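**Q** Sequence plus predicted model, see below.
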Amino acid sequence: MSASPILITGGAQRLGRHCAERLRDDGHPVIISYRRERPELEALRERGIVTLPADFSSEAGILDFLARLKAETSSLRAIVHNASDWAPDSSGAEAGANFERLFRVHMLAPYLINLHARELLEACSEPQRDIVHMTDYVVQKGSRKHAAYAASKAGLANLTLSFAAMYAPTIQVNAIAPALIMLNEGDDEAYAEKACAKSAMEMIPGPGVIYQSLRYLLDNRYVTGVTLPVDGGRHLR
């Protein structure tokens, strides 16, 4: 019997892509969702990673993705909710629409996928099945410029507790809450120094620490309903 794949939403770039590639290196079948076509996707496809387009900004788009996911596979080993939208707050006419989009991407999509894909997880023949929510360090403290983002990620953190209780003992549900893990293109040395100073570890670790955290959750049969902070000790500053 072939192994059940691991689904990573938003798996075309940055942390999601790194985790998808590492899981593939470790022998796992992988399915990712992506928002728009980009050159990096072809390299993922060449490695045998299944890529499914998805628009999580509307309920119809989420349900359409679920239909195509079920047509692609009859089981899942794990779901990693990594899809995210880093949108700043606005006081203009688009403020409400921005908040609604963040709610759909960070809360409604995981909520509906967890509900509708439960049968795929339960169909997995392996002894452990997992759901992992990628939240954010900012959930602890809020944000002056990204209040809607922080609020919707906080909602996702709370969903971790609810689904862990709902799905125990057959499906484990946990979260990873990273602070700054890697720089964006265009970030200069001054920004990097300022970012390093925010944590006790004084470093920008790179995406490997997220894969290590994900691997821990996927390999541990006795952890559910927890949020694993990966923030370099920012609470110590």
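**A** Great, that's in hand.
**Q** can we go C-alpha only for contacts and neighbour counts from here?
**A** OK.
**Q** Below-threshold pLDDT in the protein: ranges please.
**A** Within the chain, the stretches with pLDDT under 70 are 1.
**Q** burial count for residue 226?
**A** By other C-alpha atoms under 10 Å, 17 other residues sit near residue 226.
**Q** mind starting the numbering at 35 from now?
**A** Renumbered: residue one is now 35, and that last one reads residue 260.
**Q** Run the chain-centre distance for the longest strand anywhere in the chain.
**A** Secondary structure of the chain per DSSP state E: the longest strand is strand 206-212. Relative to its chain's centre, strand 206-212 lies at 9 Å (C-alpha atoms, centre = their mean, to the nearest Å).
**Q** Kindly report the same for stretch 240-248.
**A** Offset of stretch 240-248 from its chain centre (C-alpha atoms, centre = their mean): 12 Å.
**Q** May I see the buried residues of it?
**A** 241, 244-245, 247-248 (16 or more other C-alpha atoms under 10 Å).
**Q** Could you do stretch 202-215 as well?
**A** Under the neighbour-count criterion of 16+ other C-alpha under 10 Å, stretch 202-215 has 205-215 buried.
**Q** Could you dump the residues you listed into CSV and include distance to residue 173?
**A** As requested, the buried residues of stretch 202-215 are arranged in CSV below (distance: C-alpha to C-alpha, whole Å):
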residue, distance to residue 173
205, 24
206, 21
207, 18
208, 15
209, 12
210, 11
211, 8
212, 10
213, 10
214, 13
215, 16
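**Q** Counting by contacts, list what the longest helix seen in the chain packs against.
**A** The single longest helix within the chain, with elements called by DSSP state H, is helix 181-201. The helices and strands touching helix 181-201, judged by 3 or more C-alpha pairs under 8 Å, 6 or more residues apart in numbering; DSSP states H and E, are helix 129-137, strand 164-168, strand 206-212.
**Q** mind listing what's buried in stretch 158-170?
**A** 158, 162-170.
**Q** Distance from the longest helix of the chain to the middle of the chain?
**A** Per C-alpha atoms, centre = their mean, the centroid offset for helix 181-201 relative to its chain is 12 Å.
**Q** what angle sits between that helix and strand 206-212?
**A** Calculated by axes from the mean of the first three to the mean of the last three C-alpha atoms, to 10 degrees, helix 181-201 forms an angle of 160 degrees with strand 206-212.
**Q** Grab the CA positions of helix 181-201 and hand them over as PDB.
**A** Provided in PDB are the C-alpha atoms of helix 181-201 (Å, rounded to 0.1, in the frame of the first residue of the first chain):
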ATOM      1  CA  ALA A 181      -3.900  44.200  13.700                       C
ATOM      2  CA  ALA A 182      -6.100  42.200  11.300                       C
ATOM      3  CA  TYR A 183      -3.300  39.800  10.500                       C
ATOM      4  CA  ALA A 184      -2.600  39.300  14.200                       C
ATOM      5  CA  ALA A 185      -6.300  38.800  15.100                       C
ATOM      6  CA  SER A 186      -6.800  36.200  12.300                       C
ATOM      7  CA  LYS A 187      -3.700  34.300  13.300                       C
ATOM      8  CA  ALA A 188      -4.900  34.400  16.900                       C
ATOM      9  CA  GLY A 189      -8.200  32.800  15.700                       C
ATOM     10  CA  LEU A 190      -6.200  30.100  14.000                       C
ATOM     11  CA  ALA A 191      -4.300  29.500  17.300                       C
ATOM     12  CA  ASN A 192      -7.600  29.000  19.100                       C
ATOM     13  CA  LEU A 193      -8.800  26.600  16.400                       C
ATOM     14  CA  THR A 194      -5.900  24.500  17.300                       C
ATOM     15  CA  LEU A 195      -7.400  23.900  20.800                       C
ATOM     16  CA  SER A 196     -10.900  23.200  19.400                       C
ATOM     17  CA  PHE A 197      -9.800  20.700  16.800                       C
ATOM     18  CA  ALA A 198      -7.400  19.000  19.100                       C
ATOM     19  CA  ALA A 199     -10.300  18.300  21.500                       C
ATOM     20  CA  MET A 200     -12.700  17.400  18.600                       C
ATOM     21  CA  TYR A 201     -10.300  15.000  16.900                       C
END
